[in-house]
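1. here's my sequence, what's the structure:
(2 chains)
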Amino acid sequence: MRILLLTLSLFGTLTLYAQVDLTKRVSLDVKNIRLDKLFEILETNHGVIISFGIDNIPADLTISLSVKDKPIYEILQMICSQAGLIYQIIDSAVVFKYARPLNQQRIERTVETTKIPITPTKDSPKHSPLDSITKVTVSDHLSEQPVDSLQDSLQSSHQTNAQDAKDTTHQVINEFKQVELPPVPSLFSTAKKRSRVGLYGAGVFFSYAVDYNRFHFIDRDIAFQQYEVDWNYSLSMGGYVIVSSKLYVSLGVGYATKDFALNYHYRVLDPDDPFPIPDKTKVEIRYLEVPLTIGYGILTKRKYSLCIAAGFYPSYLVEKSERTTYLNNGNPSTSYFVNANRSTIYSGTIGFIAHYSIGNSCGIFIEPGYLYFIGAVNKAAMQPNSSLYRIKTGIQFSLYRKK
Amino acid sequence: MKTFLLLLTLQFILLIQSLALSVTINQTGTAANSCSRSLTAVVSGGSGSYSYTWSIVTPAIAWPTTNGVASVSLALSQTADVNVSVQDLNTNQMASATVTVYRVLMGGFDTFIPNLITPNGDGYNDNWIVTASGTNYSPINAYSYTLTIKNASNVQVFAASATVTANHLGVIGGDIIWNARLNGSGSIVPTGVYTYQLTLVNCSQSTVYNGQLNVLY
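-> Predicted coordinates for the structure are as follows:
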């Protein structure tokens, strides 16, 4: 949660991780479709697994394509043409840059694509990658030396059979390494591959939560005496680490209340009775929570993300008190329940975390969840199967991001 | 001659008597447990041939039942002043009378039933007393009650019942009472949770109240 999964985004950059054979031939026919939807279709219909993040791309940018039996790399060229993108080869990925990059100095290597047919039709002549790329430039300040230009590789692939083209593509991809990525606001953005586990980011979070308690109280001998529980709350802070493109782990400490009360509901004819007649006993319990949470990103947009999270919350009793009020007069210091609080309780939680990035290294989140107590919080008043619904809100700050 | 004068005087007296028309109302069924009040117009004087007109004077509500007869039966939900007007059909003389008719006990019950007593002899909450809802000793709108109290082991510790006929008010707050003693005269029962079953009856309903009673001292 606390984690901000962020839309990965290289400012003004669209990053695409191609994990399939780029020479695979597919057919497409789409009109005015958003870029992310197009990649979704490629993934769903053609098994082209692509992860990408977009930033600084106009929201209304749409693509139209009508191709039949074209290699994937050619389709990507067409997309570049329509989207106004340029791209470079980085490590095992093809990195697209928006044609108007925010920081021109960070461009290491650029292949500009122009004059690509915008919407090829079925009847239009087949365009080779060579036809589509009319100019290839290599920056003079490059620190690394490319073996071949993309144009060369594409030309080569066009002139060979499918297996050759695949090999050539892999060759090009593998020949460009150690290219520095620009800083990005998203935590997950540096996790280059989904399957790789490592330290990609870390930060801290601060949160406040309210609990709608579903304590299962033990039935009283006197039916008209009833327990009640108001909203409890918790304050917590902690840290998190991003361990993959979709996975994070967080650990924190929190101060949580587990208050409840017993209403006696006595009806007496004469409230002036000197015999003390209790009205309500209120028990205040404070626990130190140590929430350990693991989250998995299930939806990532440019500024929004959604995770499913599961956690384990050991809690330690740090403060307790009990006070009783009376219909008449009586000693408020009672001990009907206060000594029955468990010193340690364990609970498990599951929920969702919706995160919104509000800056390069900051985000806010809301986390609705369900928390189940493995043991009773108060042995004199509650059954073991108590639970609560928690809505947590907070803010997160990123302190480290892998370059 | 003397005889003639005597007969004439006697006839005059009879004539005077026949002209003095008067009416009174005879009411029966006034007990609390009576669910209707019977009224009969008793007329004297006149020719012996009358018409009857009944009405409710206070409050201003319409006559709820058959009119034009000498005897009527009423079940009013509120106490009212009832008037009867009698007219001699031969002499057109008129007479009237008014009487107060008390409401019959009907509708919901008005109760305050304690759930805690402290029979420690301090004079406060030593007895379990059912009162009107304002914790005062007003009528609770019932003419009959039946009470049983049992301990936590479901053993009866007290029972009482009564039907009030003495007046139109019925059961009033304080009539239903338990002094926390076993069967009302033994030792004070131990502290604990007791259950009561109280049945209240009036002309329109019979309601059973089941509840718990905590005895502390």
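
2. wait, a strand at residue B:210?
-> Yes: per DSSP: H, G, I helix; E, B strand; the rest coil, residue B:210 lies within a strand segment.

3. give me phi/psi at residue A:211?
-> The phi and psi torsions at residue A:211 (degrees, to the nearest 10) take the values phi -120, psi 130.

4. with residue A:338 instead?
-> Dihedral angles (degrees, to the nearest 10) for residue A:338: phi -60, psi -30.

5. in space, what's closest to it - neighbours in sequence excluded?
-> residue A:322 (3.8 Å; CB to CB, 6 or more residues apart in numbering or on different chains). Just so you know, the C-beta spots here come from the backbone N, C-alpha and C atoms, and that holds for glycine as well.

6. what helices and strands are in contact with the strand or helix carrying the one you found?
-> Taking DSSP states H and E as the criterion, residue A:322 maps to strand A:304-326. If you count contacts as 3 or more CB pairs under 8 Å, 6 or more residues apart in numbering or on different chains; DSSP states H and E, strand A:304-326 packs onto strand A:247-257, strand A:278-289, strand A:292-300, strand A:344-359, strand A:362-373.

7. return the set of buried residues in it.
-> By neighbour count on 16 or more other CB atoms under 10 Å in any protein chain shown, the buried set for strand A:304-326 is A:305, A:307, A:308, A:309, A:311, A:313, A:315, A:317, A:320, A:322, A:324, A:326.

8. contacts only, for the third one.
-> Looking back up the chat, that one is residue A:308. A:295, A:296, A:298, A:350, A:351, A:352, A:353 (CB atoms under 8 Å, 6 or more residues apart in numbering or on different chains).

9. the same query, at a cut-off of 10 Å, please.
-> Applying CB atoms under 10 Å, 6 or more residues apart in numbering or on different chains to residue A:308 gives the contacts A:1, A:294, A:295, A:296, A:297, A:298, A:299, A:350, A:351, A:352, A:353, A:369.

10. tell me which of those residues is nearest to chain B?
-> Of all the contacts of residue A:308, chain B sits closest to residue A:369, with 38.8 Å by CB to the nearest CB.

11. on that earlier part again, hmm, the residue nearest to residue A:338 is touching residue A:336, no?
-> Yes: counting by CB atoms under 10 Å, residue A:322 does reach residue A:336; the two are 6.9 Å apart.

12. quickly list what's touching both of those two.
-> With CB under 10 Å, 6+ apart, residue A:322 and residue A:336 have common neighbours A:262, A:281, A:283.

13. count of neighbours near the second one?
-> Just to be clear, that refers to residue A:281. Applying other CB atoms under 10 Å in any protein chain shown, we find 23 residues neighbouring residue A:281.

14. that older thread, quick check: ChimeraX command selecting the buried ones in the contacts of residue A:308.
-> Buried subset of these, written as a ChimeraX selection, criterion 16+ other CB under 10 Å:
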select /A:1,295,297,351,352,353,369
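
15. tell me the one of the contacts of residue A:308 nearest residue A:382?
-> Using CB to CB, residue A:369 comes nearest to residue A:382 of the contacts of residue A:308, at 20.1 Å.

16. residue contacts, that closest one?
-> Here residue A:369 is in contact with A:1, A:209, A:211, A:293, A:308-311, A:349-353, A:388-392 (CB under 10 Å, 6+ apart).

17. give me the secondary structure label for the residue of chain A found nearest chain B.
-> Closest residue of chain A to chain B, CB to the nearest CB: residue A:273 (3.6 Å). Secondary structure of residue A:273, reduced to three states by three-state DSSP: coil.

18. what's the separation between the closest residue to it other than its chain neighbours and residue A:400?
-> Nearest residue to residue A:273, sequence neighbours excluded (CB to CB, 6+ apart): residue B:124, at 3.6 Å. Distance of residue B:124 to residue A:400, given as CB to CB, to the nearest Å: 70 Å.

19. more neighbours: these two, which one.
-> Using other CB under 10 Å as the criterion, residue B:124 and residue A:400 rank with residue B:124 on top: 18 against 13.

20. local confidence estimate at the more buried one?
-> Here, the pLDDT recorded for residue B:124 equals 96.

21. give me the phi and psi angles of it.
-> phi -120, psi 120.

22. residue in chain B nearest to chain A?
-> Closest point on chain B to chain A, by CB to the nearest CB, is residue B:124, at 3.6 Å.

23. check contacts around that residue.
-> With contact taken as CB under 10 Å, 6+ apart, residue B:124 is in contact with A:268, A:269, A:270, A:271, A:272, A:273, A:274, A:275, A:277, A:328, B:117, B:118.

24. I'd like those laid out as JSON lines, including distance to residue A:203, pLDDT and neighbour count.
-> Below are the contacts of residue B:124 laid out as JSON lines (distance: CB to CB, whole Å; pLDDT from 0 to 100; neighbours: other CB atoms under 10 Å in any protein chain shown):
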{"residue": "A:268", "distance to residue A:203": "59", "pLDDT": "96", "neighbour count": "21"}
{"residue": "A:269", "distance to residue A:203": "64", "pLDDT": "94", "neighbour count": "21"}
{"residue": "A:270", "distance to residue A:203": "63", "pLDDT": "94", "neighbour count": "17"}
{"residue": "A:271", "distance to residue A:203": "58", "pLDDT": "91", "neighbour count": "14"}
{"residue": "A:272", "distance to residue A:203": "62", "pLDDT": "93", "neighbour count": "11"}
{"residue": "A:273", "distance to residue A:203": "61", "pLDDT": "95", "neighbour count": "22"}
{"residue": "A:274", "distance to residue A:203": "61", "pLDDT": "95", "neighbour count": "13"}
{"residue": "A:275", "distance to residue A:203": "59", "pLDDT": "96", "neighbour count": "20"}
{"residue": "A:277", "distance to residue A:203": "55", "pLDDT": "96", "neighbour count": "23"}
{"residue": "A:328", "distance to residue A:203": "56", "pLDDT": "94", "neighbour count": "16"}
{"residue": "B:117", "distance to residue A:203": "63", "pLDDT": "97", "neighbour count": "27"}
{"residue": "B:118", "distance to residue A:203": "61", "pLDDT": "97", "neighbour count": "22"}
